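Asker: my questions concern the predicted model and sequence given below.
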Amino acid sequence: MHILIIILALLALVAGPGLWVKMVMQRYSEPADRYPFTGGELARQLLDSLQLQQVGTETTDAGDHYDPMDKMVRLTQQHYDGRSLTAITIAAHEVGHAMQDASGYQPLKLRTQLVRWVSPVEKTGALLLMATPLIIAVTRVPAAGLMMMLGGLLTLGSGAVIHLLTLPTEFDASFARALPLLTRQNILKPVDEPHSRRLLKAAALTYVSAALMSLLNIARWWAILRR
């Protein structure tokens, strides 16, 4: 019984933030026509008001994000074309990252470098993990497989570490940039400001959810390799 409680508590800890983020995003996606402009139109308006005409906007299937390499605010189709509070707030959050980039915000530069480094490392880690049983079978040396396994676990874990290290960058984009910008330009309906704050918190905590899912992935691999 105690083990079951522990398992349920761990599942709640890992899945809880992600479920909360989805719930908040979905809640404020209605009404769908709350604002007279779309998320994409607002992003363009805010960027132009900040003299950031060199930053573009476009739709993406890879999740809402700002690309500092291509100087591009990318929004999912539902947020780019959406007129809900969620669409408006998420667009402003990504513009907040463009503001960070324009001001030379060092944590964003560090995150950009780390993300570029971690992506191939995570792929290598996954390959190492998949190759571990084969290495043990061929070499008959358990220590070789153990080294491969530990190397793979560490590289997969690097993704979780990066997500957690970059959390302050997300909160800065939300509350030091996006929210003041929305307030200064009177974008939000007065009753929407506390809801927008909740959405901006959810946008930042997306990375916490991703970090926890990375840790869950590590635990899954560990369980498989221990069989």
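Answerer: All right, it came through fine.
Asker: what is the neighbour count of residue 63?
Answerer: Residue 63 has 11 neighbouring residues, counting by other Cβ atoms under 10 Å. C-beta: built from backbone N, CA, C; applies to glycine.
Asker: doesn't it lie inside a strand?
Answerer: No. Using DSSP: H, G, I helix; E, B strand; the rest coil, the assignment for residue 63 is coil, not a strand.
Asker: so who does it touch?
Answerer: residue 76 (Cβ atoms under 8 Å, 6 or more residues apart in numbering).
Asker: any idea of the pLDDT on it?
Answerer: If you check residue 63, the pLDDT there is 90.
Asker: checking residue 33 next. Helix, strand or coil?
Answerer: Assigned state for residue 33: coil (three-state reduction, three-state DSSP).
Asker: for it, give me phi and psi.
Answerer: Dihedral pair for residue 33: phi -120, psi 40, per degrees, to the nearest 10.
Asker: so where's the protein uncertain?
Answerer: Where the chain drops to pLDDT under 70, the residues are 1-18, 122, 126, 129, 132, 135-136, 139-157, 163, 208-227.
Asker: can you give me the helices for it?
Answerer: Using DSSP state H, the helices of the chain run over residues 2-27, 39-49, 77-80, 85-102, 106-139, 142-165, 167-171, 179-184, 193-225.
Asker: ok and the second one relative to helix 85-102, angle-wise?
Answerer: Right, helix 39-49. 30 degrees (axes from the mean of the first three to the mean of the last three Cα atoms, to 10 degrees).
Asker: from the chain's centre, how far out does helix 39-49 sit?
Answerer: Distance of helix 39-49 from its chain centroid, counting by Cα atoms, centre = their mean, to the nearest Å, is 21 Å.
Asker: check the fourth one too.
Answerer: Helix 85-102 sits 13 Å away from the centroid of its parent chain (Cα atoms, centre = their mean).
Asker: okay, that helix in CSV with CA atoms only?
Answerer: Extracted C-alpha coordinates of helix 85-102, given in CSV (Å, rounded to 0.1, in the frame of the first residue of the first chain):
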residue,chain,number,x,y,z
LEU,A,85,-6.5,35.4,-24.2
THR,A,86,-4.2,32.4,-24.4
ALA,A,87,-3.1,33.3,-28.0
ILE,A,88,-2.5,37.0,-27.0
THR,A,89,-0.5,36.2,-23.9
ILE,A,90,1.6,33.5,-25.5
ALA,A,91,2.5,35.8,-28.4
ALA,A,92,3.5,38.5,-25.9
HIS,A,93,5.7,36.0,-24.0
GLU,A,94,7.6,35.1,-27.1
VAL,A,95,8.1,38.8,-28.0
GLY,A,96,9.5,39.0,-24.5
HIS,A,97,12.3,36.7,-25.6
ALA,A,98,12.9,38.9,-28.7
MET,A,99,13.3,41.8,-26.3
GLN,A,100,15.8,39.8,-24.3
ASP,A,101,17.8,39.1,-27.4
ALA,A,102,17.7,42.7,-28.6
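Asker: so which elements touch it?
Answerer: helix 2-27, helix 39-49, strand 65-67, strand 72-76, helix 77-80, helix 106-139, helix 179-184, helix 193-225 (3 or more Cβ pairs under 8 Å, 6 or more residues apart in numbering; DSSP states H and E).
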